[in-house]
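Colleague: Task: produce atomic coordinates for the following.
(3 chains, ligands or ions: 2)
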Amino acid sequence: MPSTITPPEIDRHRISDGNNGHRPPTDKRTGGNGEGDGDNWNNRPRGHRGPHERISQARIGLFFALGGDLMFFVALISVFFVTKASGHFDAYDHFINSWLPTAIPSILWLNTIALLLSSVTAEIARRAMFREVDAMDEWFGLGRPVSYRAAIWLSATLALGLLFLAGQWVAWDQLAAQHVFFRSNPSSHFFYLITITHAVHLFLGIVGLIVALAALKFSRSLATRQVWVDTTVWYWHVMGALWIFLFLLLEFGQ
Amino acid sequence: MTILQGCAQCLDSTRATPPTVQAAYRHAIILLASAGATLFIAGTLLLRRQR
Amino acid sequence: MSIPTTPGTPPNQGAPSSRGFIALRWARRAPRAIFSTDHRIIGFGYLVISLIAVILGSLLSLVMRMHLAWPSWQLPLHGPILPEEYLALVTMHGTLMLFFVLTVAPQSGFGNLILPAQLGTRHMAFPRLNALGLYLTALALIILVAAFFVPGGAPIGGWTAYPPLSSTPLAGPGEGLGMDLWLASIALFAVATTLSSINMLTTITKLRCEGLTWERLPLTVWGWFTAAILSIIAFSVLLAAILLLFCDRHLHSGFFLPAQDLISGVLLQHRGDGSPLLWLHLFWFFGHPEVYIAILPGMGLTSMVIANFSRRRVFAYRLMIATTLLIGFLGIIVWGHHMFVAGLNPFAGTAFSISTIAIAIPAAAKVFSWLATTWGSRPRLTTPMLFALGFVSLFITGGLTGPILAQPILDEYLHNTFFVVAHFHLIMAMAGVFGLFCATYYWAPLLFHRTLSEPLGKLHFWTTLLGAYSTFLPMHFTGLAAEPRHYSQLTGIAGPSATLLQSTLPLQRHITASAIFLLCAQLPFFLNLLLAWRRPANDPADANPWHATTMEWAPNALNPHPNDEPSIVYRGPSHYTDSGKEFSPQWSPVNTFNTEAE
Ligand code: HEM
Ligand SMILES: [Cu+2]
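Modeller: Ligands and ions are numbered 1, 2, ... in the order given. Reported below is the predicted structural model:
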């Protein structure tokens, strides 16, 4: 995102009001009729300035994007529950429910473990980006220890993520071998819908990881690298958590 | 049944629906509404908290 | 990335440019402009998209009206309108207007043009994401219009695409490839809107300038913010619904279809026991927030413009922030009111009915604030002010029927009639369009560096207002006389209903004539734009002709120079003295500006 390249103007100029250091100007007679003190700029925390501002901006963008994603999956899950319960009455007035639970390939357990591990490596990489000692080393010109450490752990995450996707592929293969396809049964519709849409999201995460790795290698600005790694890793964590939830739903919720 | 509002056909078809299905729709409605409402509130609070 | 403001002299600085709109100056650098990440160019791009859509959509509606009033009327170069063609017209009209006009123009168009300046920031949070949104929207429009030209033609399922009509090509012409194109277009549109909403929300959250606290945000920003949150929530669900419908169409699932379905004489079998009701839930979970996405920016603008020309503060400002958010919040939990006669459990119907009627409370509070702000204020009745007042009037007239429709018992009769058409055309279509006109006249000095002609503007306003009421008010009566919606022809029906419908025919003709009048009433508007284009630009010293107080009117706010000091906000908007003679804009460190001293 370009946000990672342009520092917000606030960082470039700070305005001094002369007596109070860096205080934004205040005016008690605020917006329409607002008399309360909630509007008093002085009482507000200074907030984070500097590089943190860029990370926070990227995180907020991510938050809203993931909010949309959440609603997407909530919609699918609502339909899951309704479809699972639905049925019809046959000629003898018996209620017929055609939902036959899909047997979940046990390799999904292994995949889940791989994804959990990948979140751990991702988090180590993320934290490595914020180690002040390493940042100082880079500042002194002693190589790029920040990038170096993070790249190793991010690569591990990438490998585990690919392993997960490969494992999902195997699971689809195994089901196909048992002649369970998308069209077989309402429950298999959902198995495929949920695993495939999640895999697409994870694939986007993989792309994010690759971009983050490229940033680690090529970007000279530490802040840019931090933004990429931080956002990608948060995205990765959320996709991991989402998977746990979806997996439990498929395994025990059918 | 004063709180029931709707057409007679809807009522008939609801009566003919097994309670489990009715419950599933109810849960789906609540799930969608509460997820949407939570996200809306969370987004607004986020704006409030930033500066 | 540094924002490519205007290489060379910014149009706003130095001598007034004598040539053309600022938009055209940008257009001359076309190749760079098209792939620009500058939010102003993106904003104009969105306006162009919705201009194309609104022209197309209006022409379609004209054909519909002609056909309704004179069923044997022949469309030149085409011949008579067949029933399925009429349904295709309804579908495409609704889709173009709701998605590509009323979602795109107020939110993405004016949002991109004005919002950053109102926040005192030079750029948006994610410019490339923003540009991507524009390209996807353009692509979505192209795909949608392409549906007219494929075998079978455009889809006939309505903008709500209810299954089983939308789930199989057997349901009618246009439900094959045409419907697939519709789904693809709307899916792309959903992604595009989500992307641009993410950008907008992050911009509002993070990039406000110094001093711009919560309560100092103009109500327009609140409108954009709430609409953007609703977009994210609603369009994601729509995307999921479209995915499921696509599976039903092509992958033999039956999420929205019963196990067996007799369609056009063919017995279709599906796996599972789905129900169209499920689609209705998902669709209206999107659909209701969508109508508020269309109107919330207009509500915010109306508040600000009315305050501007009444020289008053917005009455109960904090309450107006709260009602904007409350309308958005309630908008998420009322969708069932579109489904009262669709087989909804009456218990759920009651719950949805109560939450729907609850929306009338914040909506009424807004109307009250608009009226209280102008009351006894001797407002300057400029064209933007007139359009804002027109918005209020239409919002009241259209809104009054809302609580009527919100009662399942009454809706049972009214649901499939023109009464609903009257409701939503007054409150959404007309009020929404009045909001857009208000925005154009109000912000013209910023966007085009020219003030639009007042006499022409007033002519445009009064004729449009007359046309709007004359077209859509009578629909209440034809609706009460049981004129059904989505019917291509009302004559030639057997039975007692025929007599009833026959009695509405004179009104039908009146409505059609009014619709033509309403369309012609737009000519002064385009003439106005054209004349303005030929006039020399305003004197930059007169950059704030309305004596407005919000940040977009600060010197060079829309064309900031990279070396300008960052903006600072010193107070809330609409800061006028009691006499109305003096005002303090948000950017001014000193407390009052005298309007006469200028
Ligand atoms: C007091 C507030 C409102 C209430 C109580 C209300 C209530 C309703 C109800 C109950 C319906 C369903 C009628 C039916 O299909 O039988 C409806 C339809 C509709 N309303 Fe409203 N409404 C309100 C405000 C609005 C606003 C502000 C907008 C848009 C800006 C709007 C746009 C629409 C549209 C587009 C439809 C028809 C959708 C369709 O069937 O294609 N309404 N309204
Ligand atoms: Cu609604």
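
Colleague: Leaving out the residues flanking it, which one is nearest to the residue nearest in space to the middle of chain C?
Modeller: Nearest to the mean C-alpha position of chain C, by Cα atoms, centre = their mean, lies residue C:102 at 2.1 Å. In space, and not counting its chain neighbours, residue C:102 is closest to residue C:294: 3.7 Å by Cβ to Cβ, 6 or more residues apart in numbering or on different chains. For the C-beta atoms, the positions are set from N, CA and C on the backbone; glycine is no exception.

Colleague: count of neighbours near the residue nearest to residue A:67 when sequence neighbours are not counted?
Modeller: Once flanking residues are discounted, residue A:67 sits nearest to residue B:39: 4.8 Å by Cβ to Cβ, 6+ apart. Neighbour count of residue B:39, defined by other Cβ atoms under 10 Å in any protein chain shown: 23.

Colleague: tell me which residues of the host helix or strand of residue A:52 are tucked away?
Modeller: Residue A:52 belongs to helix A:51-85 when elements are defined using DSSP states H and E. For helix A:51-85, the neighbour count (16 or more other Cβ atoms under 10 Å in any protein chain shown) marks A:51, A:53-58, A:60-85 as buried.

Colleague: So which residues make contact with the helix or strand just after that helix?
Modeller: Past helix A:51-85, further along toward the C-terminus, the next helix or strand under DSSP H and E is strand A:88-89. For strand A:88-89, contacts defined as Cβ atoms under 8 Å, 6 or more residues apart in numbering or on different chains pick out A:95, A:96, B:16, C:258, C:259, C:273.

Colleague: Looking at the residues you listed, which two lie furthest apart in space?
Modeller: The most widely separated members of the contacts of strand A:88-89 are B:16 and C:259, with 15.5 Å between them, by Cβ to Cβ.

Colleague: When those two are compared, which one has more neighbours?
Modeller: residue C:259 (17 against 9).

Colleague: Now the more buried one: closest residue in space that isn't a chain neighbour?
Modeller: In this structure, residue C:259 finds its nearest non-sequential neighbour in residue C:273, 5.2 Å apart by Cβ to Cβ, 6+ apart.

Colleague: how much space is there between the one you found and residue A:206?
Modeller: According to Cβ to Cβ, to the nearest Å, residue C:273 and residue A:206 sit 38 Å apart.

Colleague: neighbour-wise, which of these two wins?
Modeller: residue C:273 (24 against 17).

Colleague: the helices in chain B, which residues?
Modeller: B:8-15, B:19-49 (DSSP state H).

Colleague: wait, which of the contacts of strand A:88-89 is closest to residue C:186?
Modeller: Taking Cβ to Cβ as the measure, residue C:186 sits nearest to residue C:258 out of the contacts of strand A:88-89, at 24.4 Å.

Colleague: Quick check: the gap between the closest one and ligand 1.
Modeller: 23 Å (Cβ to the nearest ligand atom, to the nearest Å).

Colleague: swap in residue A:71?
Modeller: 21 Å.

Colleague: Ok, residue A:218 next?
Modeller: 48 Å.

Colleague: likewise residue A:104?
Modeller: 41 Å.

Colleague: Let me see the contact set for that residue.
Modeller: Counting by Cβ under 8 Å, 6+ apart, residue A:104 has contacts A:191, A:250, A:251.

Colleague: Now do it, the pLDDT please.
Modeller: Note on residue A:104: pLDDT of 91.

Colleague: cool, and residue C:448?
Modeller: 89.

Colleague: and the helices of chain B as CSV, adding distance to residue C:347 and mean pLDDT?
Modeller: Formatted as CSV, the helices of chain B follow (distance: least, Cβ to Cβ, whole Å; pLDDT from 0 to 100):
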stretch, distance to residue C:347, mean pLDDT
helix B:8-15, 8, 81
helix B:19-49, 8, 93
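
Colleague: Distance from the helix or strand harbouring residue A:168 to the middle of the chain?
Modeller: Secondary structure from DSSP H and E places residue A:168 in helix A:145-177. Centroid separation between helix A:145-177 and its chain, computed with Cα atoms, centre = their mean, to the nearest Å, is 15 Å.

Colleague: Give me the buried positions along it.
Modeller: Result for helix A:145-177 [16+ other Cβ under 10 Å]: buried residues A:145-147, A:149-151, A:153-154, A:156-158, A:160-165, A:167-168, A:171-172, A:175.

Colleague: got a list of what whatever residue of chain C ends up closest to ligand 1 touches?
Modeller: Going by Cβ to the nearest ligand atom, ligand 1 is nearest to residue C:402 of chain C, at 2.4 Å. Listed by Cβ under 8 Å, 6+ apart, the contact partners of residue C:402 are C:356, C:359, C:360, C:363, C:423, C:427.
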